[in-house]
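In: Have a look at this fold, sequence not included:
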C-alpha cells in the first residue's frame with residue numbers, strides 16, 4: 001500500500017479530478033447532429049469521411065460514461081434514441097458491423113470467414129454492452145449464437161482455436177461465451193432465457209472442459225510456447241485473462257489462479273498499452289478478491305500502477321493507448337487509422353476500467369463504479385464484493 005495516508009488521499013483526489021476531466025472530454029467528442037452519446041473516437045476522427053467509426057467511438061464512450069456514473073442523469077428518451085441508433089448497425093441475425101469495413105481491408109486470419117467472425121464477435125460484444133448500459137431490459141437479437149448450442153458445431157469451432165495466438169483466441173472465446181450468457185439471461189423471440197438455460201449451460205460446460213484439457217499447469221494460462229519465450233508468455237497471459245471471466249461469472253474455482261497472480265506481480269507496475277494494463281489489473285483484482293494469496297503485494301503493485309495511470313492522462317482529459325505509432329480499429333488493417341498519443345474513447349474507457357478496479361481495492365465503496373454485466377473487458381464479478 002501507499003506509505004502515508006496523505007499520499008493515498010492525493011491519489012483519491014486525483015481520481016475525482018480525472019473523472020471530471022474525462023467526462024468533459026467525452027462530451028466534447030459528441031458528433032454534431034447525432035443522438036446524444038454518438039461520439040467521435042478522437043479529435044482526429046472526421047465522421048463525414050469515416051461515419052462507421054462513430055460506432056466504436058460511441059460504444060467505448062458510452063461504456064466509459066456508464067462506468068464513471070455519467071449516464072445517471074440521462075433521460076429515458078435520450079437512452080432509447082441512442083440504443084436505436086446503435087441497432088442501425090445490427091445485421092439481421094444480431095451481429096453488429098462497422099460501416100465501411102470491406103473484405104479486402106480486414107485481416108485477423110488467412111481464412112476470411114475466421115477474420116469476419118473475430119471482428120463481428122468483438123464489435124458485437126461491445127455494441128451490445130453499450131446498449132445494455134443504456135437499457136438493461138432491451139432484448140438483443142441472438143440468432144447468430146444458436147448454432148453454437150449444438151455440441152458438434154461448438155466442438156468443431158473449439159478445435160479450430162489456434163493457441164499459437166492465445167490473445168486473439170481469448171477474445172474469440174470470451175465473446176462467444178458472453179453471447180451465450182445473454183441468451184440465457186434474455187432469451188429470444190422463441191424462448192425466454194430460462195428456456196435456453198439448459199442448452200447454454202451445456203455449451204458453457206463444454207467450453208470449460210476444453211480449457212481444462214489444454215491449460216498449462218505451471219502458469220495457469222493457455223498458449224503454445226509460453227514456457228520458452230517471454231513474449232509468448234505475455235500473450236498467453238493477455239489472452240487467458242479473457243477466458244478467466246467465464247469462471248468468475250459462473251462462480252467456479254479457477255485452477256492456476258495463484259500462478260496467474262504470480263506472473264502479473266512479476267511485471268513492472270508501469271504504464272504499458274491500454275490492453276496490457278487493464279489485463280494485469282483484472283487478473284490481480286479478481287485474484288485479490290477471490291484468493292488469500294499475496295494480497296499485500298497485490299495492493300502495493302496496484303497502488304504503484306494507479307499513480308502511473310493517473311499521471312498518464314492527457315491534458316484534454318482523455319487517455320491514449322500508447323504515445324508512438326499508428327492506431328487502427330482491431331482487424332481493419334486497410335481502414336481507419338490515426339496517430340497514437342491522441343486521446344481516444346477506446347483507451348480512455350480501458351484505462352478507467354483499470355483505475356476503477358484499483359480504486360475499489362484501495363478505497364472500498366468510495367465510488368459507485370458501474371462495471372459491465374457482460375463478460376469481457378470492463379466486467380468485474382460482483383458476487384465476491386457482496387460476500388456471496
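Out: That came through, no problem. Not measured: the values here are computed from a predicted model. Numbers count the residues shown, from 1 in each chain.
In: by contact count, what packs against whatever helix or strand residue 27 lives in?
Out: Taking DSSP states H and E as the definition, one finds residue 27 inside helix 5-28. Here helix 5-28 touches helix 54-67, helix 295-311, helix 345-362, going by 3 or more C-beta pairs under 8 Å, 6 or more residues apart in numbering; DSSP states H and E. Glycine gets a C-beta too; all of them are placed from N, C-alpha and C.
In: ok, and what's touching it?
Out: 1-2, 39, 61, 64-65, 68, 70, 303, 306-307, 310, 313, 316-319, 343, 345, 348, 352, 355, 359, 362-363, 366-367 (C-beta atoms under 8 Å, 6 or more residues apart in numbering).
In: change it to 7 Å
Out: Contacts with helix 5-28, where a contact means C-beta atoms under 7 Å, 6 or more residues apart in numbering, come from 2, 39, 61, 64-65, 68, 70, 306-307, 310, 313, 316-318, 343, 348, 352, 355, 359, 363, 366.
In: go on, stretch 225-240?
Out: By C-beta under 7 Å, 6+ apart, stretch 225-240 touches 166-167, 169-170, 216, 218-219, 221-223, 263, 275-276, 279.
In: will you turn the helices and strands packed on helix 5-28 into a markdown table that also has distance to residue 243 and mean neighbour count?
Out: Listed next are the helices and strands packed on helix 5-28 as a markdown table, based on distance: least, C-beta to C-beta, whole Å; neighbours: other C-beta atoms under 10 Å:
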| stretch | distance to residue 243 | mean neighbour count |
| --- | --- | --- |
| helix 54-67 | 21 | 26 |
| helix 295-311 | 21 | 18 |
| helix 345-362 | 18 | 24 |
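In: what's the closest of the ones you listed to residue 109?
Out: With C-beta to C-beta as the criterion, residue 109 lies closest to helix 54-67 of the helices and strands packed on helix 5-28, at 20.6 Å.
In: helices or strands up against the helix or strand following that closest one?
Out: Downstream of helix 54-67, the next assigned helix or strand under DSSP H and E is helix 76-87. Contacts defined by 3 or more C-beta pairs under 7 Å, 6 or more residues apart in numbering; DSSP states H and E place helix 76-87 against helix 112-134.
In: Show residues contacting the helix it packs on.
Out: With C-beta under 7 Å, 6+ apart as the contact definition, helix 112-134 has outside contacts at 55, 58-60, 62-63, 66, 71, 79, 82-83, 86, 89, 95-98, 103, 106-109, 138, 140, 168, 171-172, 175-176, 178, 182, 330-331, 372-374, 376, 378.
In: mind listing what's buried in it?
Out: Within helix 112-134, the residues scored as buried using 16 or more other C-beta atoms under 10 Å are 114-134.
In: centre of the chain versus it, how much separation?
Out: Its chain's average C-alpha position is 11 Å from that of helix 112-134, according to C-alpha atoms, centre = their mean, to the nearest Å.
In: now swap in stretch 37-44 and tell me
Out: On C-alpha atoms, centre = their mean, the centre of stretch 37-44 falls 19 Å from that of its chain.
In: now stretch 271-278
Out: Averaging C-alpha positions (C-alpha atoms, centre = their mean) puts stretch 271-278 12 Å from its chain's average.
In: Give me the residues contacting it.
Out: Residues from elsewhere that reach stretch 271-278, judged by C-beta under 7 Å, 6+ apart: 238, 308-309, 312, 321-322, 347, 350-351, 353-354, 377.
In: Now tabulate these in CSV and tack on distance to residue 26 and pLDDT.
Out: Shown next, in CSV, are these (distance: C-beta to C-beta, whole Å; pLDDT from 0 to 100):
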residue, distance to residue 26, pLDDT
238, 26, 97
308, 22, 97
309, 17, 98
312, 17, 98
321, 16, 97
322, 20, 97
347, 12, 98
350, 14, 98
351, 13, 98
353, 15, 98
354, 17, 98
377, 18, 96
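In: and which of these is nearest residue 196?
Out: Lowest distance from residue 196 to the contacts of stretch 271-278 (C-beta to C-beta) belongs to residue 377, with 24.8 Å.
In: can you confirm that closest one is in a strand?
Out: No: membership of residue 377 in a strand is not supported by DSSP: H, G, I helix; E, B strand; the rest coil, which gives coil.
In: List the buried residues of stretch 152-169.
Out: Neighbour-count burial for stretch 152-169, counted by 16+ other C-beta under 10 Å, picks out 154, 157-158, 161, 163, 165-169.
In: Just flag the most distant two among those residues.
Out: Farthest pair in the buried residues of stretch 152-169, by C-beta to C-beta: 154 and 167, 21.4 Å.
In: what ranges do the helices span in the stretch 101-250 of the chain?
Out: Along the stretch 101-250 of the chain, counting by DSSP state H, counting those that start in this stretch, helices occupy 112-134, 151-159, 166-186, 193-214, 230-250.
In: and the angle for the lowest-mean-pLDDT helix or strand in the chain with helix 345-362?
Out: In the chain, no helix or strand scores lower on mean pLDDT, DSSP states H and E than helix 5-28, which sits at a mean of 92. With axes from the mean of the first three to the mean of the last three C-alpha atoms, to 10 degrees defining the directions, helix 5-28 sits at 150 degrees from helix 345-362.
In: which of the residues in helix 5-28 are buried?
Out: Those would be 8, 11, 14-15, 18-19, 21-23, 25-26, for helix 5-28 by 16+ other C-beta under 10 Å.
In: Between these, which sits nearest residue 295?
Out: Closest to residue 295 out of the buried residues of helix 5-28 is residue 8 (16.8 Å), distances taken as C-beta to C-beta.
In: could you point out where this structure is predicted with low confidence?
Out: 1-6, 383-388 (pLDDT under 70).
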